[in-house]
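Model the following, please.
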Amino acid sequence: MQSILVVYNPKDLEFNIEGVEVVSARAYLTEGKYSNLRKLRVFNLSRYYRYQSTGYYVSLIAEARGHRAIPSITTIQDFKSQAIVRVISDEIDELIQKSFRKLKSDKFTLSIYFGQNLSKQYETLSRKLYNLFQAPLLRAHFIYHKKWILQNISPVSVREIPDEHRAFIVQFANEYFSTKRFNASKFIPAKYDLAILVNPQEKAPPSTKKVINYFLEAAESLGFNAELITKDDYNRIAEFDALFIRETTAVNHYTYKFSRRATAEGLVVIDDPGSILKCCNKVYLAEVLTKGRIAIPKTLIVHKANRHIVEQEIGFPCVLKKPDSSFSQGVTKVENSFDLQKNLNSLLDDSDLVIAQEYLPTEFDWRVGVLDGKPLFACKYFMAKNHWQIYNWIDKKNKKWGRVETLPVKNVPSEIIQTAVKAANLIGNGFYGVDLKKVNGKILVIEINDNPSLEDGEEDKFLGRELYLAIIKSFLKRIEQTKNREKFLPEKYKRIAKKNGGTQKKISPL
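Next up, the predicted model:
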């Protein structure tokens, strides 16, 4: 993807960056050669970003053209929100205090140029703030009131940079654009860019390295430039057309922030933030499944006022679940009153609501993968050896997983498939793993997972590589649908220009 630096006046930027064109704001907004480019990163270094200013229009029109604007309109609006600044200040409070612990003054201004600061001691904080407020040139103001607080953060223009800092900007910019992601010669020409978020240190990831490689191969075969990213690549989201999250998700976690940011930037995202919010909370799932008239195990939403009725309503043994439990973690089987109250004490300290369900032992659980509202694969997940769950976190020596048996979807009882699809449709049209049990002839939904596991030789045993192709094809279809909607937006500007009796230049804000 080609990159350009947009400035109000090219004379503002008197240095060259190899492979990156410096363009005036007027040229970018009015010249057809830029509006007709399909894939372009626009680094907006305009003098002002206020509403309806030139800088504002550069990012706004970039998004209308399907270009990647940095900063985006969303980021420009975030700069103005004191509420967001306060939340960010609280979120990175520990890092702020650590960075400024030796300062004696009560005010400090941090200049951030392409994610870096002149002083190495502020390198981590600078990179973190750049990841959260992505703009090429930033200035963050801190004040000390009992502790250091981020007062405000804003983008700055090239003209505001002190002369003694300019050499550093040249260095930082060249380092930034010399990395692999901006060096077009290192990429095979591709139609779209796909980011796959992974965590190399995760102990039980949704997919092994082998499966991730299958996704990379499938993406390349369908015309994608696919790249693995990690939590440190938050600032790069705007470079891609789509984001595929392949690590365990949670709401209070960077995976959700990645999903939310990517969605705001207009990327196609699996898992989307709505799906993460819904699937990661078992209280929500219990409520939405019940309202959707889908059978679930006998369930009680427990809080401090009704904890005394769990034994009477559910009986023993019963299962207690943290609202945000996943991969069989945060799920406990209790056999008696003492253990019940002991576990409730611990769970209710962390959450105002807890799930209690009847214990329904079965030899296996069904797992149905659903994508775009259609069944993709179906498995039987058998319980781990000498354990009541499919995954045993307690046994450190033996195999943790029970065996997996994969079947063609057509060979699975129709009521299993129909119930799974109906349940998934209550969440959205993303990629879900629906877990079900059949007890006394009745189909019960246990939970819906927004980030289902895909293991080599297990979920893909029947479909093989076609499973990975099907998921990447879904990305391709979604991107094409988005692009088809967006292509009418520039036409609107052309019609307005024609009505005004000339070219697009007639409607320029300049």
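
hey, what's the residue lying closest to residue 377 once chain neighbours are set aside bridged with?
Using C-beta to C-beta, 6 or more residues apart in numbering and skipping residues adjacent in sequence, the residue nearest residue 377 is residue 369, 4.3 Å away. (Each C-beta comes from the backbone N, C-alpha and C, glycine too.) Residue 369 has these beta-bridge partners by DSSP bridges: residue 377, residue 433.

Could you tell me how far residue 374 is located from residue 474?
10 Å (C-beta to C-beta, to the nearest Å).

Please apply the same query to residue 131.
28 Å.

Neighbour count: residue 374 and residue 474, which is higher?
The neighbour count for residue 374 versus residue 474, taken as other C-beta atoms under 10 Å, is higher for residue 474 (21 against 14).

how about the host helix or strand of that one: buried residues?
Per DSSP states H and E, residue 474 falls inside helix 465-486. For helix 465-486, the neighbour count (16 or more other C-beta atoms under 10 Å) marks 467, 468, 469, 470, 471, 472, 474, 475, 476, 478, 479, 482 as buried.

Any regions of the stretch 201-350 of the chain where pLDDT drops low?
The stretch 201-350 of the chain contains residues with pLDDT under 70 at 325-329.

Can you pull the domain assignment for the chain?
2-180, 188-273+465-510, 281-297+361-449, 298-359 (automatic domain parsing).

Same list, these, but as CSV with distance to residue 458 please.
Listed next are the domains of the chain as CSV, based on distance: least, C-beta to C-beta, whole Å:
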stretch, distance to residue 458
domain 2-180, 33
domain 188-273+465-510, 9
domain 281-297+361-449, 4
domain 298-359, 15
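
Worst mean pLDDT among the ones you listed?
Of all the domains of the chain, the minimum mean pLDDT falls on domain 188-273+465-510 (a mean of 81).

Who are the contact partners of the most centrally placed residue in the chain?
Per C-alpha atoms, centre = their mean, the C-alpha nearest to the average position across the chain is that of residue 259, at 2.0 Å. Neighbour list for residue 259: 243, 245, 249, 269, 271, 272, 273, 276 [criterion: C-beta atoms under 8 Å, 6 or more residues apart in numbering].

Looks to me like it is in a strand.
No. Residue 259: not assigned to a strand; according to DSSP: H, G, I helix; E, B strand; the rest coil it is helix.

Quick check: closest non-adjacent residue to it.
By the measure of C-beta to C-beta, 6+ apart, the closest residue to residue 259 outside its immediate chain neighbours is residue 273, 4.5 Å from it.

and the one you found, how far is that from residue 169?
Distance from residue 273 to residue 169, by C-beta to C-beta: 35 Å.

Confirm for me that the residue nearest to residue 377 is in contact with residue 376.
Yes. Using C-beta atoms under 8 Å, residue 369 makes contact with residue 376 at a distance of 4.2 Å.

shared neighbours of the two, anything?
Joint contacts of residue 369 and residue 376 (C-beta under 8 Å, 6+ apart) are residue 431.

Those two - which one has more neighbours?
Using other C-beta under 10 Å as the criterion, residue 369 and residue 376 rank with residue 369 on top: 26 against 22.

Restrict the one helix or strand residue 169 maps to to CA atoms and write it as PDB.
Using DSSP H and E, residue 169 sits within helix 166-178. C-alpha atoms of helix 166-178 as PDB (Å, rounded to 0.1, in the frame of the first residue of the first chain):
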ATOM      1  CA  ARG A 166      13.700  18.600  13.100                       C
ATOM      2  CA  ALA A 167      16.700  16.400  12.700                       C
ATOM      3  CA  PHE A 168      15.100  13.900  15.000                       C
ATOM      4  CA  ILE A 169      11.800  14.000  13.100                       C
ATOM      5  CA  VAL A 170      13.800  13.100   9.900                       C
ATOM      6  CA  GLN A 171      15.400  10.200  11.700                       C
ATOM      7  CA  PHE A 172      12.200   8.900  13.300                       C
ATOM      8  CA  ALA A 173      10.200   9.300  10.100                       C
ATOM      9  CA  ASN A 174      12.800   7.300   8.100                       C
ATOM     10  CA  GLU A 175      12.900   4.600  10.700                       C
ATOM     11  CA  TYR A 176       9.100   4.500  10.700                       C
ATOM     12  CA  PHE A 177       8.700   4.200   7.000                       C
ATOM     13  CA  SER A 178      11.700   1.900   6.400                       C
END
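
Pull the residues that contact it.
Contacts of helix 166-178 (C-beta under 8 Å, 6+ apart): 3, 15, 17-20, 113-116, 118, 136-137, 158, 161, 182.

Of the residues you listed, which pair is most distant in space?
Farthest pair in the contacts of helix 166-178 (C-beta to C-beta) is 19 and 118. Separation: 24.6 Å.

if you skip the residues just before and after it, what's nearest to residue 257?
Nearest one to residue 257, counting by C-beta to C-beta, 6+ apart, is residue 234 at 7.1 Å.

got the contact list for that neighbour?
Contact analysis of residue 234 by C-beta under 8 Å, 6+ apart lists 131, 132, 254, 257, 258, 261.

Dump these to JSON lines, plus neighbour count and distance to residue 364.
What follows is these, written out as JSON lines (neighbours: other C-beta atoms under 10 Å; distance: C-beta to C-beta, whole Å):
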{"residue": "131", "neighbour count": "20", "distance to residue 364": "43"}
{"residue": "132", "neighbour count": "20", "distance to residue 364": "44"}
{"residue": "254", "neighbour count": "18", "distance to residue 364": "34"}
{"residue": "257", "neighbour count": "18", "distance to residue 364": "35"}
{"residue": "258", "neighbour count": "26", "distance to residue 364": "33"}
{"residue": "261", "neighbour count": "24", "distance to residue 364": "38"}
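
Those: which two are farthest apart?
Checking these with C-beta to C-beta, the most distant pair is 132 and 258, at 12.0 Å.

the helices in the stretch 401-510 of the chain, which residues?
Using DSSP state H, counting those that start in this stretch, the helices of the stretch 401-510 of the chain run over residues 414-425, 465-486, 488-499.

who does the first one touch, helix- and strand-wise?
Using 3 or more C-beta pairs under 8 Å, 6 or more residues apart in numbering; DSSP states H and E as the contact criterion, the secondary-structure elements in contact with helix 414-425 are strand 364-371, strand 374-382, strand 431-439, strand 442-449.

One more: the longest one?
Contacting helix 465-486 under the criterion 3+ C-beta pairs under 8 Å, 6+ apart are the following elements: strand 192-197, helix 209-221, strand 224-229, strand 242-245, strand 268-270, strand 364-371, strand 374-382.

With only the CA atoms kept, save that helix in CSV.
Output in CSV follows, covering the C-alpha atoms of helix 465-486 (Å, rounded to 0.1, in the frame of the first residue of the first chain):
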residue,chain,number,x,y,z
ARG,A,465,-7.9,-26.7,4.0
GLU,A,466,-11.4,-25.8,2.8
LEU,A,467,-12.3,-24.8,6.3
TYR,A,468,-9.7,-22.0,6.3
LEU,A,469,-10.6,-21.0,2.8
ALA,A,470,-14.2,-20.7,3.8
ILE,A,471,-13.3,-18.3,6.6
ILE,A,472,-11.0,-16.1,4.4
LYS,A,473,-13.7,-16.1,1.7
SER,A,474,-16.1,-14.6,4.3
PHE,A,475,-13.6,-11.8,4.9
LEU,A,476,-13.3,-11.3,1.1
LYS,A,477,-17.1,-11.2,0.7
ARG,A,478,-17.5,-8.7,3.6
ILE,A,479,-14.7,-6.4,2.3
GLU,A,480,-16.2,-6.4,-1.2
GLN,A,481,-19.6,-5.6,0.1
THR,A,482,-18.2,-2.7,2.2
LYS,A,483,-16.2,-1.4,-0.8
ASN,A,484,-19.3,-1.6,-3.0
ARG,A,485,-21.2,0.6,-0.5
GLU,A,486,-18.3,3.0,-0.2
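
Right, I'll call it a day here.
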